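A.B. asks: dropping the sequence and predicted coords here.
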Amino acid sequence: MQGFDAAKINEIIRKASEGSRFYQHKQQAQQKLDAKIKEMLHTAQQMSPQLLEKATKKMEAVALECEAGRDLSRTIVHVDMDMFYAAVEMRDQPNLKDVPMAVGGNSMLSTSNYIARKFGVRAGMPGFIARQLCPALVLVPPNFSKYKAVSRVVEQVFAIYDPNYAMMSLDEAYLDITDYMEANADAYQAKSEVDNETLAEAIVREMRLKIQEATQLTASAGIAANTRLAKVCSDLNKPNGQYYLPSDTRAIMDFINKLPIRKISGIGNVTEQQLKALGITLCGQIRPNYGLLRLLFSDCSLDYFVRISLGLGETDLSNYTSGEQKSISTETTFTGTSCKQKLMQMVSDLSIELHGDMKKKGLVGKLVTLKTKTVNFVLKTRSMALGEPTSDPEVMGKVARKLLIAEMEKCPVDEPLSLRLLGVRMSNLSEEASSGRAKQTTISKMFEKQTVSAGRESSSNYCLVTESVAREVQAFHD
DNA sequence: TACATACAC
DNA sequence: CATGGTGTATGTA
């Protein structure tokens, strides 16, 4: 069993994709982006040197201000479990250890092991393409409740080193170990004084070992002065490794200057292409292009770019943990249909499911949003505000159905709305007024209203939905 | 406020 | 045969 080279992998993926509606839509999106970039370059060419110089000076002033706020006093760690879901499955089914395997389904993989990666099988890839790359691939359906349980064990290790650790997903967290280092320096130095680097590395190595002892799974870590840098660093010695970046401006600048912008969290495919068109592929190329960037991007992006170019980032983890939830949603993909009754039924089902999730969290919301995706992968959202916050499935469902009907009516009869995805989201959230009595009222109301409303709907053959199975929440990629 | 886009995981 | 689900931030009008 050999791996493939990149050219062969791309060829197989291209053959499997081309002609599909998914691929066509992707190409359209790319053309749109190309046009946008072309326009951007046109704008750039028309800039006078004077204007550019002025913009550069403004940006340099911002940079100076940011530089003044540089905080090198904290030691931040980003910990990332190695191929988390796949590692859990391999641990529990040893026969999976020596074969190419991935966790996911036919439509999407969440992660793959290193043997499968040699064949080009990656997170985010549909299972049917993965099988073409690697016919021997073993596909394991996800067990989210198991991963959650493992994650809780890992969290207990994190808590030793920083009780205020910030969990970013099931397999990833930031820790501020500054206080732990100070409090425990003595325990880690054998005879002589230990410098910060040795101390931080020893502590993180020990933490990773504790994770491994507790879970039989390995983790990688990055250690740096802020979360942005720590996150990049955790990727450098993966799997089962760690990387320390000294908290020293010179070391940070040397590091950041040669770093590809795409490695920065928040720089995705689109931004990468835009910046590339301007000749920027490395973080070190941002500062020489300050003026250009200022004239092409929003203030908010500028601040972000400046901070990246200086290697600045978040040092206060409470900024990750303090916020309240802003929205809650449920969506589902299905084989494309334009059957009105089926679609309406699904919206009702989703509303009931959403109600369950909201009740669990004690949330009510004021803004209902319907999300649709056509069989050609065109996404749309339509929303409507309610008079008062609710989580009542019938109220949410009624509004969502209304929004769906409005969309369907926009289509000509010979070309009805044909969808492959529906979603319902609630936002403008607040806490549910929680007394047992209030909840009871809500529940009885729900049944009343459902009965009444079901008879009133035009597609009245949709019935009250059976209890939907509790859905596993999922962050799909590792 | 409403909608689209970009991004992370 | 055939490409996911949940949540946040931001730009724009």
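C.D. replies: Sure, I can see it. Residues are numbered from 1 along each chain as shown, chains lettered A, B, ... in the order given.
A.B. asks: poorly predicted segments of chain A, please.
C.D. replies: Under the criterion pLDDT under 70, the flagged ranges of chain A are A:1-2, A:190-192, A:434-478.
A.B. asks: contact residues of the stretch 51-200 of chain A facing DNA strand C?
C.D. replies: Residues of the stretch 51-200 of chain A lying close to DNA strand C (CB under 7 Å from any atom of the strand) are A:106-108, A:110, A:124-126, A:128-129. The C-beta positions use only the backbone N, C-alpha and C, and glycine is treated the same way.
A.B. asks: burial count for whichever residue of chain A sits closest to DNA strand B?
C.D. replies: DNA strand B sits closest to A:G268 of chain A, with a gap of 2.3 Å, by CB to the nearest atom of the strand. Number of residues near A:G268 (other CB atoms under 10 Å) recorded here: 10.
A.B. asks: next up, phi/psi of it, please.
C.D. replies: Dihedral pair for A:G268: phi -110, psi -160, per degrees, to the nearest 10.
A.B. asks: OK, contacts around it?
C.D. replies: Listed by CB atoms under 8 Å, 6 or more residues apart in numbering, A:G268 has no contact partners.
A.B. asks: on that earlier part again, just put the residues of the stretch 51-200 of chain A next to DNA strand C in TSV and tack on neighbour count and secondary structure.
C.D. replies: As requested, those are arranged in TSV below (neighbours: other CB atoms under 10 Å; DSSP: H, G, I helix; E, B strand; the rest coil):
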residue	neighbour count	secondary structure
A:N106	12	coil
A:S107	9	coil
A:M108	15	coil
A:S110	23	strand
A:G124	11	coil
A:M125	19	coil
A:P126	18	coil
A:F128	12	helix
A:I129	19	helix
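A.B. asks: A:V399 is in contact with A:V368, correct?
C.D. replies: Yes. Assessed by CB atoms under 8 Å, A:V368 is found in contact with A:V399 at 4.4 Å.
A.B. asks: comparing those two, which residue is more hemmed in?
C.D. replies: Higher neighbour count among A:V368 and A:V399: A:V368, with 26 against 22, using other CB under 10 Å.
A.B. asks: which SSE is the more buried one in?
C.D. replies: Assigned by DSSP states H and E, A:V368 belongs to strand A:363-374.
A.B. asks: by how many degrees do the helix or strand just after that strand and strand A:363-374 diverge?
C.D. replies: Downstream of strand A:363-374, the next assigned helix or strand under DSSP H and E is strand A:379-390. If you take axes from the mean of the first three to the mean of the last three CA atoms, to 10 degrees, strand A:379-390 sits at 160 degrees to strand A:363-374.
A.B. asks: and DNA strand B, is whichever helix or strand comes after strand A:379-390 touching that?
C.D. replies: Using DSSP H and E, the next helix or strand after strand A:379-390 towards the C-terminus is helix A:393-410. No. No part of helix A:393-410 sits near DNA strand B under the criterion CB under 7 Å from any atom of the strand; the closest distance found is 7.7 Å.
A.B. asks: buried sites along helix A:393-410?
C.D. replies: Using 16 or more other CB atoms under 10 Å as the burial criterion, the residues of helix A:393-410 that qualify are A:393-401, A:403-405, A:407-408.
A.B. asks: mind putting these in JSON lines, distance to A:A202 included?
C.D. replies: Formatted as JSON lines, the buried residues of helix A:393-410 follow (distance: CB to CB, whole Å):
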{"residue": "A:P393", "distance to A:A202": "53"}
{"residue": "A:E394", "distance to A:A202": "59"}
{"residue": "A:V395", "distance to A:A202": "57"}
{"residue": "A:M396", "distance to A:A202": "53"}
{"residue": "A:G397", "distance to A:A202": "56"}
{"residue": "A:K398", "distance to A:A202": "60"}
{"residue": "A:V399", "distance to A:A202": "57"}
{"residue": "A:A400", "distance to A:A202": "55"}
{"residue": "A:R401", "distance to A:A202": "60"}
{"residue": "A:L403", "distance to A:A202": "57"}
{"residue": "A:L404", "distance to A:A202": "58"}
{"residue": "A:I405", "distance to A:A202": "63"}
{"residue": "A:E407", "distance to A:A202": "59"}
{"residue": "A:M408", "distance to A:A202": "63"}
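A.B. asks: what comes up buried for stretch A:146-159?
C.D. replies: Buried residues in stretch A:146-159 (16+ other CB under 10 Å): A:147, A:150-151, A:154, A:157-158.
A.B. asks: in this structure A:D71 contacts A:A224, no?
C.D. replies: No. Between A:D71 and A:A224 there is no contact under CB under 8 Å: 12.0 Å.
A.B. asks: higher neighbour count, those two?
C.D. replies: When A:D71 and A:A224 are compared on other CB under 10 Å, the one with more neighbours turns out to be A:A224, at 29 against 13.
A.B. asks: let me see the contact set for the more buried one.
C.D. replies: Here A:A224 is in contact with A:76, A:230, A:232-233, A:244-245, A:247, A:252 (CB under 8 Å, 6+ apart).
A.B. asks: repeat that with 10 Å
C.D. replies: Going by CB atoms under 10 Å, 6 or more residues apart in numbering, A:A224 touches A:72, A:74-78, A:200, A:230-234, A:243-247, A:251-252, A:255, A:311, A:313.
A.B. asks: show me which residues of chain A sit near DNA strand B.
C.D. replies: So far as CB under 7 Å from any atom of the strand goes, chain A lies against DNA strand B at A:29, A:33, A:36, A:168-172, A:231, A:264-272, A:367, A:369, A:379-385, A:428, A:475-478.
A.B. asks: filter those residues down to the buried ones, ChimeraX style.
C.D. replies: Buried residues within the residues of chain A next to DNA strand B, by 16+ other CB under 10 Å, are selected in ChimeraX with:
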select /A:168,170,171,172,231,264,267,271,272,367,369,383,477,478
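A.B. asks: tally up the residues packed near A:V62, please.
C.D. replies: Using other CB under 10 Å: A:V62 sits among 18 other residues.
A.B. asks: ok, the strand holding A:V368: who's next to it in the sheet?
C.D. replies: strand A:379-390 (antiparallel), strand A:419-427 (antiparallel), strand A:430-431 (antiparallel) (DSSP bridges).
A.B. asks: chain center to it, what's the gap?
C.D. replies: 19 Å (CA atoms, centre = their mean, to the nearest Å).
A.B. asks: any buried residues in it, and which?
C.D. replies: A:363-365, A:367-374.
A.B. asks: tabulate the strands paired with strand A:363-374 (JSON lines), appending distance to A:T218.
C.D. replies: Shown next, in JSON lines, are the strands paired with strand A:363-374 (distance: least, CB to CB, whole Å):
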{"stretch": "strand A:379-390", "distance to A:T218": "38"}
{"stretch": "strand A:419-427", "distance to A:T218": "36"}
{"stretch": "strand A:430-431", "distance to A:T218": "40"}
